[in-house]
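Trainee: Give me a model of this one.
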Amino acid sequence: MRMRLGRLGAVFALVLACAAKEASTEAPRQSASSEAWVACRAMEVHTDGASRMTAVVFHQADDASRNALSALLHNHSGGTVEVELEPRVSGPWRGTVFRLKTCFGRGLLLFSASAPPLKEGAKFLLRPAAQ
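Mentor: Next up is the predicted model:
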């Protein structure tokens with residue numbers, strides 16, 4: 001299922017534009033969600049220097065996180081989430097998460113490129129942000 005680069009670029013630009021409104025670099029500690037953190041692993045990481053946004057395609061970090069991630073993606077697609085590197089080296093930051101309907105068990109995470117960098121294969125924690 002390959003898409004032409006021009007079409008993929010247009011989709012990427014549209015998703016980045018939609019997420020730019022909600023993504024910020026730091027999540028305030030007092031607004032922490034009561035939901036549990038879900039362990040995830042970055043599969044692909046792409047940063048667009050022009051929009052200063054990073055897009056991460058990810059899935060669960062292990063089999064134990066599969067159901068929790070599935071529930072999070074189904075219930076919060078398009079919503080704001082808190083993200084924290086694993087192991088925890090700094091406070092959480094905010095981004096926007098989307099369920100990738102055509103990629104079973106995969107999510108798309110968008111956040112400001114000024115947030116701590118994620119690399120392919122990196123583990124991170126994810127949970128819905130309190131509103």
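Trainee: Mind jotting down where the strands sit in the protein?
Mentor: 38-48, 53-60, 79-85, 93-99, 107-112, 123-128 (DSSP state E).
Trainee: neighbouring strands for the fifth one, and are they parallel or not?
Mentor: Here strand 107-112 is paired, per DSSP bridges, with strand 53-60 (antiparallel), strand 93-99 (antiparallel).
Trainee: Contact partners for the most centrally placed residue in the chain?
Mentor: Geometric centre of the chain, nearest residue: residue 109, 2.2 Å, by Cα atoms, centre = their mean. Residue 109 is in contact with 55, 56, 58, 81, 83, 95, 96, 97, 98, 126, counting by Cβ atoms under 8 Å, 6 or more residues apart in numbering. In this view, the C-beta of every residue, glycine as well, is placed from N, C-alpha and C.
Trainee: before we move on, the earlier item: got the strands paired with strand 107-112 as CSV, with mean pLDDT, distance to residue 42 and mean neighbour count columns?
Mentor: As requested, the strands paired with strand 107-112 are exported to CSV (pLDDT from 0 to 100; distance: least, Cβ to Cβ, whole Å; neighbours: other Cβ atoms under 10 Å):
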stretch, mean pLDDT, distance to residue 42, mean neighbour count
strand 53-60, 97, 5, 22
strand 93-99, 96, 12, 22
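Trainee: So which of the ones you listed is nearest residue 74?
Mentor: When these are compared by Cβ to Cβ, strand 93-99 sits nearest residue 74, at 6.4 Å.
Trainee: and the residue nearest to the centre of the chain, bridged to which residues?
Mentor: On the basis of DSSP bridges, residue 109 is bridged to residue 56, residue 97.
Trainee: Give me the mean pLDDT for stretch 70-84.
Mentor: Mean pLDDT, stretch 70-84: 96.
Trainee: neighbouring contacts of that stretch?
Mentor: For stretch 70-84, contacts defined as Cβ under 8 Å, 6+ apart pick out 22, 27, 32-33, 35, 37-38, 90-99, 105, 107, 109, 111, 115, 124-129, 131.
Trainee: Dump the strands of the chain to CSV, plus distance to residue 71.
Mentor: Below are those laid out as CSV (distance: least, Cβ to Cβ, whole Å):
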stretch, distance to residue 71
strand 38-48, 9
strand 53-60, 11
strand 79-85, 13
strand 93-99, 11
strand 107-112, 12
strand 123-128, 10
